[in-house]
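**Student:** model this:
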Amino acid sequence: MNRKLVIFDMDGTILDTLEDLKDALNHVLIQHSFPVRTLDEVRRFVGNGIYKLIERGVPAGTPRQEIDAVYEDFKPYYAAHCEDTTKAYDGIPALLRQLKAQGFAVAVVSNKADFAVQKLCEVYFPDTFDAALGEREGVRKKPAPDSVNEVLRQLQIPREQAVYVGDSDVDIETAKNANMPCLSVTWGFRDEAFLLEHGASHILHTPEEILQFVTQR
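**Tutor:** I've put the predicted structure just below:
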């Protein structure tokens, strides 16, 4: 198979963003007099976009109007603090350099707000990605394939020559809906047992295995 494009999820796949997400969530929860959440709780809450993170983070039964208010307070705080402790996973920068050197296009498709996707790509991976798309108004979030399809359109690469790399059940469903293989990585926010339970067909434990998979003939 002649692969030409590797599309990456962001949170839990190329960047460890969990601590900053927890800190930002707890900042706005305290602001609204709600109890704070642990790192493991936030790990379970992420993957479906910021609004869903807020919805899961506030106490059960919180009125929609209050959830909306917490969400509006979260966005500017996280925009200012999304790189406080976030870091690239070991081996990811080298992997991206190797993929580019071998002629692959690389892209990001994330349910993270687009403003944060653009900022974090610029900070951690400057001039690296050929396309990067986050959550945008009017575009269905993953697992809908809309943003993956938009990357294919922008880069004019057939889906048969693309793979999707992610760390969650949402990513497995996204790749399925986009009709391409999903490479499920184990260093992110979900463990191997969870990934297998949710239908993972390719489990990878190191970034080097991603390169091996896409370069095999």
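
**Student:** other SSEs contacting the longest strand seen in the chain?
**Tutor:** For the chain, the strand reaching the highest residue count under DSSP state E is reported as strand 105-113. Judged by 3 or more Cβ pairs under 8 Å, 6 or more residues apart in numbering; DSSP states H and E, strand 105-113 is in contact with strand 5-8, helix 92-101, helix 114-124, strand 131-135, helix 146-155. Quick note: C-beta positions are derived from backbone N, CA and C, even for glycine.

**Student:** Give me the contacts around it.
**Tutor:** Identification of contacts with strand 105-113 by Cβ atoms under 8 Å, 6 or more residues apart in numbering yields 4-11, 14, 17, 47-50, 75, 78, 96, 99-100, 117, 120-121, 128-135, 141-142, 147-148, 151, 155, 157, 164, 170, 174.

**Student:** Rounded mean pLDDT for stretch 103-122, please.
**Tutor:** Stretch 103-122 carries an average pLDDT of 96.

**Student:** buried set for that stretch?
**Tutor:** The neighbour-count check on stretch 103-122 (16 or more other Cβ atoms under 10 Å) flags 104-118, 120-121 as buried.

**Student:** ditto for stretch 205-217
**Tutor:** By 16+ other Cβ under 10 Å, the buried positions in stretch 205-217 come out as P207, E209, I210, L211, F213, V214.

**Student:** Return the residues in contact with the third one.
**Tutor:** Translated: I210. Neighbouring residues of I210 by Cβ under 8 Å, 6+ apart: V6, L95, V165, L183, V185, L204.

**Student:** Run a quick check on L15 versus K119, I expect a contact.
**Tutor:** No. Judged on Cβ atoms under 8 Å, L15 makes no contact with K119 at a distance of 11.4 Å.

**Student:** ok, so what distance separates P93 from L204?
**Tutor:** Per Cβ to Cβ, to the nearest Å, P93 is found 17 Å from L204.

**Student:** I would like a PyMOL command selecting only the buried ones among the contacts of strand 105-113, please.
**Tutor:** Restricted to buried positions by 16+ other Cβ under 10 Å, the PyMOL selection for those reads:
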select buried, resi 5+6+7+8+9+10+11+14+17+47+48+49+50+75+78+96+99+117+120+121+128+129+130+131+132+133+134+135+141+142+147+148+151+155+157+164+170+174
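
**Student:** Quick check: bridge partners of Y164?
**Tutor:** I7, C182 (DSSP bridges).

**Student:** what's the distance between it and A24?
**Tutor:** Distance, Y164 to A24, by Cβ to Cβ: 27 Å.
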